[in-house]
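1. need coordinates for the following:
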Amino acid sequence: MQENEKNLFHGSKMVVEQPLREKCRLENDFGQCFYCTENLDLAKEWACQTGIAGVVSAYTINMAGLSVINSNFAPLQHSVSKHYHR
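-> Next up is the predicted model:
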């Protein structure tokens, strides 16, 4: 693997050789998209969610020229504000 490359994994019931957004389910948690992870064990869990054997497909992506968004969200603070603005 080269410096700008990352390995990504996708767990499902079948091999996915080429991810295509239009084949993804509409009702996924974050909408119609293709979910991958850098964590092989997590992909294995996704592959076997229904209790039957699944498959982990592996991909290598070249990150050169891509922007990365940090999606590590801080825990939500549960508080109620009594100040209202119009």
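2. for the residue nearest to the spatial centre of the chain, which three-state class applies?
-> Closest residue to the average C-alpha location of the chain: residue 35 at 3.3 Å, with CA atoms, centre = their mean. Of the three states, residue 35 takes coil under DSSP: H, G, I helix; E, B strand; the rest coil.
3. so who does it touch?
-> Residue 35 makes contacts with 10, 28, 46, as judged by CB atoms under 8 Å, 6 or more residues apart in numbering. The C-beta positions use only the backbone N, C-alpha and C, and glycine is treated the same way.
4. between these, which is nearest residue 67?
-> Among the contacts of residue 35, residue 10 lies closest to residue 67 (CB to CB), at 21.6 Å.
5. looks to me like that closest one is in a helix.
-> No - using three-state DSSP, the assignment for residue 10 is strand, not a helix.
6. circling back to that earlier point, please tell me how far the residue nearest to the centre of the chain sits from residue 53.
-> Using CB to CB, to the nearest Å, one obtains 19 Å as the distance from residue 35 to residue 53.
7. over to residue 47?
-> 8 Å.
8. neighbour-wise, which of these two wins?
-> More neighbours surround residue 47 than the other of residue 47 and residue 53, with 20 against 8 (other CB atoms under 10 Å).
9. do I have it right that the more buried one meets residue 41?
-> No - in this structure residue 47 lies outside contact range of residue 41 using CB atoms under 8 Å: 10.6 Å.
10. and residue 75, what pLDDT?
-> pLDDT, residue 75: 58.
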